[in-house]
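Colleague: Build the 3D model from these lines:
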Amino acid sequence: MYLKRYAKSTIKAYLYWIASFIRFNPMMHPTTMGNNEAELILNHLVNQKSGS
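Modeller: Model prediction:
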């Protein structure tokens, strides 16, 4: 991302979401995860947002 000249704030946001994704799925490596894990966190985020 640095080589492609992404803004520092963009890199920081991407790293935050990547870390959140890994923590949400009991510290599994992203290469071992599939669509199901992505769907779980997206559903969680939607439910959390609509519950506020």
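
Colleague: Next up, the contacts around A19.
Modeller: By CB atoms under 8 Å, 6 or more residues apart in numbering, the contact set of A19 is empty. Where you see a C-beta, it was placed from the backbone N, CA and C, and this is true even at glycine.

Colleague: helices or strands next to the lowest-mean-pLDDT helix or strand in the chain in the packing?
Modeller: Counting by mean pLDDT, DSSP states H and E, the chain has its least confident helix or strand at helix 35-51, which shows a mean of 82. Applying 3 or more CB pairs under 8 Å, 6 or more residues apart in numbering; DSSP states H and E, one finds that helix 35-51 contacts helix 8-24.

Colleague: Now the helix it packs on: average pLDDT?
Modeller: Confidence for helix 8-24, expressed as mean pLDDT, is 89.

Colleague: Now do that helix: distance to the chain's middle.
Modeller: 6 Å (CA atoms, centre = their mean, to the nearest Å).

Colleague: Next: stretch 33-48.
Modeller: 9 Å.

Colleague: Quick check: buried residues in that stretch?
Modeller: E37, I41 (16 or more other CB atoms under 10 Å).

Colleague: Any chance you could list what contacts it?
Modeller: Stretch 33-48 is contacted from outside by S20, F21, F24, N25, M28, using CB under 8 Å, 6+ apart.

Colleague: would you list the residues you listed in CSV and tack on neighbour count and distance to G34?
Modeller: CSV is the format used below for the contacts of stretch 33-48 (neighbours: other CB atoms under 10 Å; distance: CB to CB, whole Å):
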residue, neighbour count, distance to G34
S20, 12, 18
F21, 17, 13
F24, 14, 14
N25, 17, 10
M28, 12, 10
